[in-house]
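J.: only the shape, not the letters, is given here:
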């Protein structure tokens with residue numbers, strides 16, 4: 001049995017970053033050697049010094065949908081808040097609606113003075129519903145105009161610029177939360193990384209709200225992970241797979257990229273091949289890494305599955321020591337916070 005309390009740490013609330021820095025790559029970077037436990041305080045633009053020619057840097061190119069909509073019920077004009085979870089077929093979506101207890105099958109909802117409307121088709125468990133949208137034009141354009149970014153619950157400040165909750169390489173629409181380790185990169189930093197001889201590769205994993213779901217069991221082995229859709233195409237699989245064969249480092253940006261690569265490697269006996277599907281992989285101490293040699297990650301919530309994932313690579317003592325150091329040195333935590341490079 002592994003107790004959830006083994007992955008707890010003390011975090012002063014004022015260290016939870018509420019807004020992004022003005023310059024993405026000026027966040028701080030704590031480097032951790034997972035074998036020796038050695039720590040170094042740097043800045044994110046120094047990441048290039050940690051990378052070697054021949055490395056493959058793998059990033060999640062999923063794009064966050066402005067998935068939070070505020071509107072009203074057509075008949076009663078009662079306020080509703082809607083959160084898109086997943087597109088199903090056509091204009092049918094699985095969503096969360098507040099207040100759920102006042103929503104019934106057949107209800108009509110309006111957003112943006114009727115620019116976007118929806119009908120509730122089904123009620124599901126855990127406050128989820130299936131709805132069907134109606135609109136003029138292109139749905140994503142309407143959503144960009146009316147929707148707001150679904151920021152994590154620990155961020156209380158209003159986000160002035162929606163693009164700051166997107167990576168600069170975001171491409172494939174579908175996430176309900178950002179793959180935040182990638183928020184630190186700038187086009188200039190990526191260009192300089194490539195010039196040094198590091199190859200850039202991309203996976204897609206659409207981040208679901210389950211990423212914020214707490215572990216409620218004292219024994220972490222009882223926790224069931226949420227499912228998320230991933231995809232790796234032929235060209236990127238070839239880049240990553242060739243690096244593995246030649247003994248070059250595969251460096252993941254973020255836990256979503258780690259989960260994608262490790263899911264695929266687990267399916268193909270340690271090889272990285274083109275693949276797509278749904279993953280509910282739970283990487284926790286005792287897991288043997290098959291694809292990833294090093295990674296960039298942000299600081300994660302106490303007792304979260306993401307702390308457990310990182311601990312499975314570094315060892316529990318090393319990561320908790322690093323977090324303790326980060327607290328003392330006043331690093332910024334969570335989605336808009338600082339980063340780590342773990343090698």
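T.: Yep, that arrived. Computed from a prediction, not measured in an experiment: that's the story for all the values here.
J.: helix or strand: which one has residue 236?
T.: Mapping residue 236 onto the secondary structure by DSSP states H and E places it in helix 234-245.
J.: for residue 84, phi and psi?
T.: The main-chain torsion angles of residue 84 are listed as degrees, to the nearest 10 and equal phi -70, psi 130.
J.: contacting residues around the residue nearest to it when sequence neighbours are not counted?
T.: Leaving out its chain neighbours, the residue that sits closest to residue 84 by C-beta to C-beta, 6 or more residues apart in numbering is residue 67, at 3.9 Å. (Glycine included, C-beta is placed from N, CA and C.) By C-beta atoms under 8 Å, 6 or more residues apart in numbering, the contact list for residue 67 reads 83-85, 143, 147, 149-150, 176.
J.: I'd like the residues you listed as a markdown table, with distance to residue 261 and pLDDT appended.
T.: What follows is the contacts of residue 67, written out as a markdown table (distance: C-beta to C-beta, whole Å; pLDDT from 0 to 100):
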| residue | distance to residue 261 | pLDDT |
| --- | --- | --- |
| 83 | 28 | 93 |
| 84 | 27 | 93 |
| 85 | 24 | 87 |
| 143 | 30 | 95 |
| 147 | 30 | 94 |
| 149 | 27 | 92 |
| 150 | 25 | 90 |
| 176 | 21 | 88 |
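J.: quick one: which of the residues you listed sit in helices?
T.: residue 143 (DSSP state H).
J.: and the strands in the stretch 151-300 of the chain, which stretches?
T.: Listed from the start of the chain, the stretch 151-300 of the chain has strands (DSSP state E, counting those that start in this stretch) covering 172-175, 199-205, 228-232, 250-253, 275-279, 294-298.
J.: what strands flank the fifth one, and is each parallel or antiparallel?
T.: Going back to what we said before, that points to strand 275-279. According to DSSP bridges, strand 275-279 has the following sheet partners: strand 228-232 (antiparallel).
J.: if the closest residue to residue 96 other than its chain neighbours is in a bridge, with which residues?
T.: Excluding its sequence neighbours, the residue lying closest to residue 96 (C-beta to C-beta, 6+ apart) is residue 83, at 4.4 Å. Per DSSP bridges, residues listed as beta-bridge partners of residue 83: residue 68, residue 96.
J.: could you pull up phi and psi at residue 77?
T.: According to degrees, to the nearest 10, the main-chain angles of residue 77 amount to phi 60, psi 20.
J.: was I right to think residue 258 contacts residue 305?
T.: No. Shown here, residue 258 and residue 305 do not form a contact pair, counting by C-beta atoms under 8 Å, at 11.8 Å.
J.: residue 177 contacts residue 150, doesn't it?
T.: Yes. The criterion here is C-beta under 8 Å, and residue 177 meets it with residue 150 at 6.6 Å.
J.: hey, what's in contact with both of these two?
T.: Shared contacts of residue 177 and residue 150, defined by C-beta under 8 Å, 6+ apart, comprise 64, 209.
J.: how near is the spatially most central residue of the chain to residue 45?
T.: For the chain, residue 179 is the residue whose C-alpha lies nearest the centre (C-alpha atoms, centre = their mean; 3.1 Å). Between residue 179 and residue 45 the distance is 20 Å, computed by C-beta to C-beta, to the nearest Å.
J.: coming back round to it: how close does the residue nearest to residue 84 sit to residue 92?
T.: 15 Å.
J.: low-scoring stretches of the stretch 51-200 of the chain, by residue?
T.: For the stretch 51-200 of the chain, no stretch is flagged by pLDDT under 70.
J.: to residue 32, which of the strands of the stretch 151-300 of the chain lies closest?
T.: Between residue 32 and the strands of the stretch 151-300 of the chain, the tightest spacing by C-beta to C-beta is seen for strand 294-298, at 9.9 Å.
J.: average pLDDT for the closest one?
T.: Strand 294-298 comes out with an average pLDDT of 98.
J.: what's the helix or strand that it is followed by in contact with?
T.: Following the chain from strand 294-298 toward its C-terminal end, the next helix or strand by DSSP H and E is helix 305-314. With C-beta under 8 Å, 6+ apart as the contact definition, helix 305-314 has outside contacts at 7, 32, 34, 211, 215, 220, 223, 225, 255, 258-259, 282-287, 289, 292, 295, 297, 300-301, 319-320, 322, 342.
J.: now do 7 Å
T.: With C-beta atoms under 7 Å, 6 or more residues apart in numbering as the contact definition, helix 305-314 has outside contacts at 7, 32, 34, 215, 220, 223, 225, 255, 258, 282-287, 289, 297, 300, 319, 342.
J.: contacts for the next helix or strand after that helix?
T.: As assigned by DSSP H and E, the chain's next helix or strand after helix 305-314 is helix 316-328. When contacts are defined by C-beta under 7 Å, 6+ apart, helix 316-328 is touched by residues 6, 9-12, 15, 30, 32, 34, 37, 39, 285, 299, 307, 310-311, 340.
J.: which of those count as buried?
T.: Applying a neighbour-count criterion of 16 or more other C-beta atoms under 10 Å, the buried members of the contacts of helix 316-328 are 9, 11, 15, 30, 32, 34, 39, 285, 299, 307, 310-311, 340.
J.: tell me the mean pLDDT for stretch 205-220?
T.: 80.
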